[in-house]
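A.B. asks: Give me a 3D structure for the following:
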Amino acid sequence: MKKSILNNIKDANRLAGIFGILLLFASTVVSQEIGTGWETDETDSLSEINKLKKQVEVLQEQLERQYSSDEQYTVDLSGDEVLLFEEEPISHVLARPWFQNIDISGFGAANFLGTGAAGTRPNGGFQVKEATLFVEAEAWEDATFFVEIQTNRLGADESKYIRTGEVYAQFRNVLKKWGDDLLGIKVGRIDIPFGEEYLWQDASDNPLITQSASFPYGWDEGVLMYGKALGVSWIAALTDGTDDRSIEDHPSKALNAKVSVNPWEALYLSASFMKNGKAAKSAMEFGGSHFQPVGASHESSAGKSTSDLVDATLYELNAKYKFGKFGEKGYVAIFYGQAFQDDRDDSFDRDFRWFSVEPLYRITSKIYAVIRYSEIGTYDSDKGYHFDGKTTAGGNSAFGYDTKLFSRFSFGLGWSPNPRVRVKVEVGRDWFDVIDSSPLNPDDDDRDLFGIELVSTF
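C.D. replies: Numbering: from 1, shown residues only. Predicted coordinates for the structure are as follows:
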């Protein structure tokens, strides 16, 4: 390309010379015809030729400099500023090679983790915690297809194997005729848009190794719409509501709605609402514990429900305040939520609530300290529920549906030697409290946690 342009400039130089000769010849003929103005016309013609040649020489010199240094130059021709040979980028999907339409990214996390004698890793050990690939292909303007490939999921290699997470087609700016970002659509398997933890659950985004005590998240098949108007971002989703992939156990569906705002730059607020619909086992879960009839998956000293299906309604409120001039010094994040599980037998209805408080302070641009305290429970001495504390506490197998309260405290340090590598160290403890009728006694259980984790992204 460079050689071709320079050759063209040399040709232009030669043409300029020829043009000058022709101009001189024409001036001679005209002067001989009219017999006047020869000296003046000759002088003017030579001046025009020299000016043209100088402009071409400057143009050639500037082009040589541009293509040797990859910089943009302009040349002043007769007082007009002209941009030289600015190439338009290839914007259409079909005009680019296929590999330029595909973005691949991902992350991996490996750690050493010990949970105390009563936790899931009593002997302490190394594990590959997560390894995930994200592939997004541009199918058309504002239309993409996204696949999340999980080769390791929360250290559960023996049962999860390689599987997909989110898989969806996305259509952005559906209403761009009336404005940007008014409406986007996702169709496929999506993260359930409830709360905020689903957005930072991956090891690459979580400042700690563990999650909160409640850890509300899940995937489900359906359709999701999102947009922004008048400073308010919104999400609405309709999904199957059942845990089994691409299988429904009841005609009712799950409905999600979420709104978020930034009243000012440092403050973020969001509110989420969900109506799960009837299901034997919901797609939505709380750290390994789904909406299920009491006693369906584990023991319950308060009895076992005879229902096959349960319904649930839940909400969560979130706030995050960043401090420092540009939020670079850290933040304080809090959330609070409630859920109401409805059983056909009212005695097995279960209401529970949860909260989390998380301050993070950046000691330097590469080092931070963070604390998180969180709880989830029925707070009812007669009615328990199952709270697992995924993936370190093992509450489901230890206490079944007898848990009244599960609490988690974590303190961590993080160090990022570069933007794509992070090392995290965490110490913490988990506690369980059970209902009065339970024969189990968790008071002396050892659930002290220590972990060190390396995360790399690409």
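A.B. asks: looking at this structure, which helix or strand is least sure?
C.D. replies: helix 2-34 (a mean of 42; mean pLDDT, DSSP states H and E).
A.B. asks: Report the separation between the residue lying closest to residue 421 once chain neighbours are set aside and residue 259.
C.D. replies: Spatial nearest neighbour of residue 421, chain neighbours left out: residue 456 (5.4 Å); criterion: Cβ to Cβ, 6 or more residues apart in numbering. In short, each C-beta sits where N, CA and C put it, glycine included. As judged by Cβ to Cβ, to the nearest Å, residue 456 and residue 259 stand 35 Å apart.
A.B. asks: Likewise for residue 182?
C.D. replies: 15 Å.
A.B. asks: could you pull out the helices for this structure?
C.D. replies: 2-34, 38-69, 157-160, 395-399 (DSSP state H).
A.B. asks: what's the average pLDDT for the second one?
C.D. replies: By that I understand helix 38-69. Mean pLDDT, helix 38-69: 60.
A.B. asks: Let me see the contact set for residue 142.
C.D. replies: Neighbouring residues of residue 142 by Cβ atoms under 8 Å, 6 or more residues apart in numbering: 171, 172, 173, 174, 176.
A.B. asks: hmm, 6 Å instead?
C.D. replies: By Cβ atoms under 6 Å, 6 or more residues apart in numbering, residue 142 lies in contact with 172, 173.
A.B. asks: Count the neighbours of residue 397 for me.
C.D. replies: Counted with other Cβ atoms under 10 Å, residues neighbouring residue 397 total 13.
A.B. asks: Repeat that for the one 5 residues further on.
C.D. replies: By the criterion of other Cβ under 10 Å, residue 402 has 26 neighbours.
A.B. asks: That one reaches residue 437, doesn't it?
C.D. replies: No. Counting by Cβ atoms under 6 Å, residue 402 sits too far from residue 437 to count as a contact (7.6 Å).
A.B. asks: Spatially central, which residue of the chain would that be?
C.D. replies: The chain has residue 199 as the residue nearest its centroid, 6.5 Å off, counting by Cα atoms, centre = their mean.
A.B. asks: So the residue nearest to it when sequence neighbours are not counted versus residue 329, what's the distance?
C.D. replies: Nearest-residue entry for residue 199: residue 205, 7.3 Å, with adjacent residues in sequence omitted and distances by Cβ to Cβ, 6+ apart. To residue 329, residue 205 is 19 Å away according to Cβ to Cβ.
A.B. asks: try residue 214
C.D. replies: 27 Å.
A.B. asks: and these two? which has more neighbours close in?
C.D. replies: Under the criterion of other Cβ under 10 Å, the comparison of residue 214 against residue 329 puts residue 214 first, with 29 against 14.
A.B. asks: Distance of the more buried one relative to residue 334?
C.D. replies: Residue 214 sits 12 Å away from residue 334, taking Cβ to Cβ as the criterion.
A.B. asks: all strands of the stretch 301-450 of the chain, in order?
C.D. replies: Secondary structure of the stretch 301-450 of the chain by DSSP state E, counting those that start in this stretch: the strands cover 311-323, 330-342, 350-362, 367-377, 403-418, 421-434, 448-457.
A.B. asks: Make JSON lines from those strands and add distance to residue 240 to it.
C.D. replies: Shown next, in JSON lines, are those (distance: least, Cβ to Cβ, whole Å):
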{"stretch": "strand 311-323", "distance to residue 240": "14"}
{"stretch": "strand 330-342", "distance to residue 240": "18"}
{"stretch": "strand 350-362", "distance to residue 240": "22"}
{"stretch": "strand 367-377", "distance to residue 240": "25"}
{"stretch": "strand 403-418", "distance to residue 240": "28"}
{"stretch": "strand 421-434", "distance to residue 240": "32"}
{"stretch": "strand 448-457", "distance to residue 240": "31"}
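A.B. asks: okay, those in TSV with mean neighbour count next?
C.D. replies: TSV is the format used below for the strands of the stretch 301-450 of the chain (neighbours: other Cβ atoms under 10 Å):
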stretch	mean neighbour count
strand 311-323	18
strand 330-342	18
strand 350-362	19
strand 367-377	20
strand 403-418	19
strand 421-434	19
strand 448-457	19
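A.B. asks: To residue 392, which of these lies closest?
C.D. replies: In this view, the strands of the stretch 301-450 of the chain are compared for proximity to residue 392 by Cβ to Cβ, and strand 448-457 is the closest at 6.0 Å.
A.B. asks: and the closest one, how far out from the chain's middle?
C.D. replies: In terms of Cα atoms, centre = their mean, to the nearest Å, the centre of strand 448-457 is found 21 Å from the chain centre.
A.B. asks: just checking, what packs against it?
C.D. replies: Here strand 448-457 touches strand 102-114, strand 421-434, going by 3 or more Cβ pairs under 6 Å, 6 or more residues apart in numbering; DSSP states H and E.
A.B. asks: again, only using 10 Å
C.D. replies: Contacts defined by 3 or more Cβ pairs under 10 Å, 6 or more residues apart in numbering; DSSP states H and E place strand 448-457 against strand 102-114, strand 125-140, strand 403-418, strand 421-434.
A.B. asks: Just the angle for it relative to strand 421-434, thanks.
C.D. replies: Compare the direction of strand 448-457 with that of strand 421-434 by axes from the mean of the first three to the mean of the last three Cα atoms, to 10 degrees and you get 150 degrees.
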